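Colleague: model the structure of this input:
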Amino acid sequence: MIRQLKAIWERRDIVKYLVTSELKTLYRNRALGYLWSLLDPLIMMGVYILLVVVIFQHGGPQFPVLLFSALLAWQWFTYSLSGSVTSISGKAKFIQTVYFPKGVLPLEKVIVGLIRYLLGLIALIPLLLIFEANITLNILWLPVLLLVQFLFTVGCSFFCAAFGVYFRDLQNILRFLLRAWFFLSPALYLTAERIPQQFQGIYMLNPFAALFTSYKNILVFGVPPSKYILVASAIAIAIFLGSLVFFNRTEQDFAKAV
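Modeller: Take a look at the predicted model:
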């Protein structure tokens, strides 16, 4: 585990190169360029507002900004996992001819997703003002929440990258799992407290239940993160460390398997 982290750190120049290359590839020859990082969650927000507020007449006056704060985080997570599934299997010749720590490949997807998230914050700031968010010092919790999500996303991405080498249908399966995961998390409804009390304990084993609620708390409501963020943090650390151990044990077989 420590060897894996050390190897990635020593080859951080590769990570930087891969991140820069992917960002250029993503936005090259696109008229709006980096604005797509803002438009993607905004368009999704518009669709859900039409569905929830206009058609079903639910939500509230701050629903758009609450939804957008969750969509930004979710977009980062889904981009990272979807890309990590083929991050190794899609680079067979590269892996078979050049030696480098394979962990840099899924890590690059997570970092690109994080950069897209940070760009999305540019659109979130005016929304906070437009919808009269209660901005307090609790917004300083944001780096902590980002660290929790980063660890959890890296861990899940490492697992997806490793399993993606052996199970080529994982990308299709993951698409349905992520869709279900989103609707089982408090993104479209305001808080996790709407879940019946008898299911609260099990529900909070979903890290995004605490993360979505916490993002909404600190960015919009101006209150501290959910008390369940400690549970999400513990799960994130466990997934992160477990993925490093698993990835380290399977890495030597990737060249043959791809």
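
Colleague: so for the host helix or strand of residue 93, what gets flagged as buried?
Modeller: In this structure, residue 93 sits in helix 92-97 according to DSSP states H and E. Of all the residues in helix 92-97, those buried under the rule 16 or more other Cβ atoms under 10 Å are residue 95. No exception for glycine: its C-beta is placed from N, CA and C like everyone else's.

Colleague: other SSEs contacting it?
Modeller: helix 254-257 (3 or more Cβ pairs under 8 Å, 6 or more residues apart in numbering; DSSP states H and E).

Colleague: residue furthest from the geometric center of the protein?
Modeller: For the chain, the largest distance from the centre (Cα atoms, centre = their mean) belongs to residue 97, which lies 30.9 Å off.

Colleague: now do that residue against residue 7, distance only.
Modeller: Distance from residue 97 to residue 7, counting by Cβ to Cβ, to the nearest Å: 18 Å.

Colleague: then residue 17?
Modeller: In terms of Cβ to Cβ, residue 17 sits 16 Å off from residue 7.

Colleague: neighbour count winner among those two?
Modeller: residue 7 (16 against 13; other Cβ atoms under 10 Å).

Colleague: helices and strands around the helix or strand hosting residue 126, which ones?
Modeller: Following DSSP H and E, one finds residue 126 within helix 104-130. Using 3+ Cβ pairs under 8 Å, 6+ apart as the contact test, the elements touching helix 104-130 are helix 12-27, helix 36-49, helix 63-85, helix 142-166.

Colleague: what angle separates the shortest one from helix 12-27?
Modeller: By that I understand helix 36-49. Orientation check (axes from the mean of the first three to the mean of the last three Cα atoms, to 10 degrees): helix 36-49 against helix 12-27 gives 60 degrees.

Colleague: tell me the mean pLDDT for helix 36-49?
Modeller: Averaging pLDDT along helix 36-49 gives 70.

Colleague: who are the contact partners of residue 80?
Modeller: 106, 109, 110, 112, 113, 153, 156, 157 (Cβ atoms under 8 Å, 6 or more residues apart in numbering).

Colleague: got the CA positions of stretch 132-151 in PDB?
Modeller: Listed in PDB are the C-alpha atoms of stretch 132-151, where the atom choice follows Å, rounded to 0.1, in the frame of the first residue of the first chain:
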ATOM      1  CA  GLU A 132     -30.300  34.000  -1.100                       C
ATOM      2  CA  ALA A 133     -28.200  31.300   0.400                       C
ATOM      3  CA  ASN A 134     -27.200  31.800   4.000                       C
ATOM      4  CA  ILE A 135     -23.400  32.100   3.500                       C
ATOM      5  CA  THR A 136     -21.600  31.700   6.800                       C
ATOM      6  CA  LEU A 137     -18.200  30.600   8.100                       C
ATOM      7  CA  ASN A 138     -19.400  27.000   7.800                       C
ATOM      8  CA  ILE A 139     -18.600  27.300   4.100                       C
ATOM      9  CA  LEU A 140     -15.000  26.700   5.200                       C
ATOM     10  CA  TRP A 141     -15.900  23.100   5.700                       C
ATOM     11  CA  LEU A 142     -15.800  22.700   1.900                       C
ATOM     12  CA  PRO A 143     -12.200  21.500   1.600                       C
ATOM     13  CA  VAL A 144     -12.900  18.900   4.200                       C
ATOM     14  CA  LEU A 145     -15.900  17.600   2.300                       C
ATOM     15  CA  LEU A 146     -13.800  17.600  -0.900                       C
ATOM     16  CA  LEU A 147     -11.100  15.600   0.800                       C
ATOM     17  CA  VAL A 148     -13.600  13.000   2.000                       C
ATOM     18  CA  GLN A 149     -15.100  12.700  -1.500                       C
ATOM     19  CA  PHE A 150     -11.700  12.600  -3.100                       C
ATOM     20  CA  LEU A 151     -10.600   9.600  -0.900                       C
END
